[in-house]
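A.B. asks: Fold the following for me, if possible:
(one chain, ligands or ions: 2)
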Amino acid sequence: MSFALHGIAVAHGIAIGRAHLFSQTSLEVTHYVVLPEQRAAEIQRFDEALHHVTHELKGLEQQIPPGAPPEMAAFLQLHRMILKDDTLARMPKQRIQDQGCNAEWALKQQVDSLIAQFEQMEDPYLRQRRDDIWQVGERLLKVLMGQPAPNLPPHGEAADSILVAHDISPADMVLFKQHPFQSFITDMGGATSHTSILARSLGIPSVVALHHAWKMIREGEILIVDGMAGVVIVNPDSQILAEYRLRQELWHLERQKLKRLRSTRATTLDGTPIELLANIEMPEDMDAVKKSGARGIGLFRTEFLFMNRHDLPGEEEQFHAYRQVAEAMRGLPVTIRTLDIGADKPVEPSGIASTLNPALGLRAIRYCLAEPQLFSTQIRAILRASHFGQVQLLIPMLSSRHELLQTLDLVEQAKVDLRAEGIPFNDRLPLGGMVEVPAAALALPLFLDKLDFFSIGTNDLIQYTLAIDRTDDAVAHLFDPLHPAVLLLISHTIRTAHKAGKPIAVCGEMAGNSAMTRLLLGFGLREFSMHPAHLPEVKQAILKTSLADLQAPIKRILATYDPTKLEESVTRLNA
Ligand code: PEP
Ligand code: MG
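C.D. replies: Residues are numbered from 1 along each chain as shown. Ligands and ions are numbered 1, 2, ... in the order given. Below is the predicted model:
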């Protein structure tokens, strides 16, 4: 029987292959009573499993292949920390001792109770860490049940297989790097889960958050994974299969063609040059930037330097990271965004109390202004790096003039201090503001006289305009870049900035979506910043566009409020 499952698309492409079910030990746990005289031996069996997994994770850390995403080691270390925690290392033993549960059952009960606690957490990032607990528990169970190695297909067959898992841990991902599948799909996961982060960096088509795929799909069934639409088709009929084979082929051909565009300048058919810039999270992303042909960094999300650690990076560490990127770009612009933490990007130890609406709370610039010492350290590091390249500083989530003035004071103070210390920096460091809050979009003149450039963060602008939590699966279907309110805000912001003679870019996901390229060009956008992987596709859309042809349809689009008509108009615009 053929059927389709819908989830969240996390990495692009189309895969067609046979399902390989990744074993789910926790769903097959046995339950028996251990007699009092055998409990010490049962506890020892549990301890041995703990030992085994700790050793296994350490071994996997050594095997991380060069070029693997930097998060991989951090996630493995996090799993080792979870293993050491009393809640996993000691509590199950207590259950064996007090209740006579066998080790597997004691562990399963403990993992279930921990997961239930995590699921109640307000903070979406912490809530998603339940996946890590589950993954560590699963690994321990496998050892206890005598199946320590994941059930991977033979080497030659993996390349044709699509891995179907309830969840995949970062530790398993290390194995997949050496044993490449053509795709994987999981029941668990969300936009900020570790699995999704890693899937993106591995670049294989994948869909997560399918909820029941593992239970509904059988070993060996034919699957189509559409990593663009977030759809998995199980047992497709021959007609669908033929259509997807064609789409897959076209997709590969397109990729090959796109690679050749690397050194082509992005210019419209009527000769207008468009700047295509890259978004990065760590200096390690620079390899991908170089391959993409980006003409600069439009967004360096510096908060990633602060994640997966227990301390804060100091001025020297930050300075080296920023300088490394500035030098690597050899005179091209490098836009360093100041720390945007809070909400879905918590950092330890931030001291941000958990609140009911973290996205509306002490986030980004609000947090930095509440922690002037931490903020000044970052400003100093950015200023120092500005001596080594064309660095610019970008302020996230501005909503009031007061925030901007306070930030400018801190920048001025940092300059005075650096001057006094004889440390070189670019005195004319360009300062920019992110337009992510509707208030900023509607009242841009609040900032126009004080800033040199702007960048629209469409991810947050959509979240705040439509009141849709961008991390919440339950409302993900309402997250609509084509909502008329969103389009009006974006076009208005671009027009206002240009009228004032200030450059403006878009650096949210919309900039990397080639289906939005003409729309944004029609709004007057001339700078796009995106994940390097999306750059060739957007460049191709630009190369095929005549700006003159966009004027009339864009006018109509901005006057359309019917969602179906709007979507049709955008499709026609892209035809
Ligand atoms: C945005 O909000 O669009 C943006 C680019 O910032 P981030 O995704 O890091 O919040
Ligand atoms: Mg944002």
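A.B. asks: What is the end-to-end distance of stretch 505-519?
C.D. replies: In stretch 505-519, first residue to last residue: 14 Å (C-alpha to C-alpha, to the nearest Å).
A.B. asks: quick one: that stretch near ligand 1?
C.D. replies: Yes - if you take C-beta under 6 Å from any ligand atom as the test, stretch 505-519 does meet ligand 1, through 507-508. Heads up, the C-betas are built off the backbone N, CA and C, glycines and all.
A.B. asks: Show me what the mean pLDDT comes to for that stretch.
C.D. replies: The average pLDDT within stretch 505-519 is 94.
A.B. asks: Which strands border the one helix or strand Gly433 maps to, and is each parallel or antiparallel?
C.D. replies: Using DSSP states H and E, Gly433 falls within strand 431-435. Sheet pairing for strand 431-435, assigned by DSSP bridges, gives strand 390-395 (parallel), strand 453-456 (parallel).
A.B. asks: most packed of the ones you listed?
C.D. replies: For the strands paired with strand 431-435, the largest average neighbour count (mean count of other C-beta atoms under 10 Å) is found in strand 453-456, namely a mean of 26.
A.B. asks: for the strands paired with strand 431-435, which one sits closest to Asp226?
C.D. replies: Ranking the strands paired with strand 431-435 by proximity to Asp226 (C-beta to C-beta) places strand 453-456 first, at 29.1 Å.
A.B. asks: Could you list the residues in contact with that closest one?
C.D. replies: Strand 453-456 has contacts (C-beta atoms under 8 Å, 6 or more residues apart in numbering) with 298-299, 335, 392, 394, 430-436, 441, 444, 447, 490, 493-494, 497, 502-508, 529.
A.B. asks: One more: stretch 416-429?
C.D. replies: For stretch 416-429, the surrounding residues in contact (C-beta under 8 Å, 6+ apart) are 380, 382-384, 386-387, 391-393, 411, 415.
A.B. asks: Touching stretch 550-568 from outside, list them.
C.D. replies: Under C-beta under 8 Å, 6+ apart, the answer for stretch 550-568 is 480, 482-484, 487-488, 491, 518-519, 521-523, 569-570, 572-573.
A.B. asks: are any of the residues you listed buried, and which?
C.D. replies: Buried members of these, counted by 16 or more other C-beta atoms under 10 Å: 480, 482-484, 487-488, 491, 518-519, 521-523, 569-570, 573.
A.B. asks: Can you pull the poorly scored residue ranges out of the stretch 151-300 of the chain?
C.D. replies: Scanning the stretch 151-300 of the chain for pLDDT under 70 picks out the ranges 151-158, 169-179, 189-203.
A.B. asks: Looking at it, what residue ends up closest to ligand 1?
C.D. replies: As assessed by C-beta to the nearest ligand atom, ligand 1 sits closest to Leu299 within the stretch 151-300 of the chain, at 5.9 Å.
A.B. asks: my guess is that residue is in a strand, correct?
C.D. replies: Yes - counting by DSSP: H, G, I helix; E, B strand; the rest coil, Leu299 is found in a strand.
A.B. asks: tell me the domain ranges of this protein?
C.D. replies: Listed domain ranges for the chain are 3-24+150-240, 36-144, 253-269+440-575 (source: automatic domain parsing).
A.B. asks: could I get these as a markdown table with distance to Gln324?
C.D. replies: What follows is the domains of the chain, written out as a markdown table (distance: least, C-beta to C-beta, whole Å):
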| stretch | distance to Gln324 |
| --- | --- |
| domain 3-24+150-240 | 19 |
| domain 36-144 | 13 |
| domain 253-269+440-575 | 17 |
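A.B. asks: So which of those is nearest ligand 2?
C.D. replies: domain 253-269+440-575 (3.7 Å; C-beta to the ion).
A.B. asks: Ends of that closest one, what's the gap?
C.D. replies: End-to-end distance for domain 253-269+440-575, by C-alpha to C-alpha: 19 Å.
A.B. asks: ok now it, how far from the chain's centre?
C.D. replies: Counting by C-alpha atoms, centre = their mean, to the nearest Å, domain 253-269+440-575 is centred 19 Å from the centre of its parent chain.
A.B. asks: close to ligand 2, is that domain?
C.D. replies: Yes - using C-beta under 5 Å from the ion, domain 253-269+440-575 reaches ligand 2 at 457, 460.
A.B. asks: again, but for stretch 422-433
C.D. replies: No - no part of stretch 422-433 sits near ligand 2 under the criterion C-beta under 5 Å from the ion; the closest distance found is 12.2 Å.
A.B. asks: so how far is that stretch from its chain's centroid?
C.D. replies: Stretch 422-433 has its C-alpha centroid displaced from the chain centroid by 29 Å (C-alpha atoms, centre = their mean).
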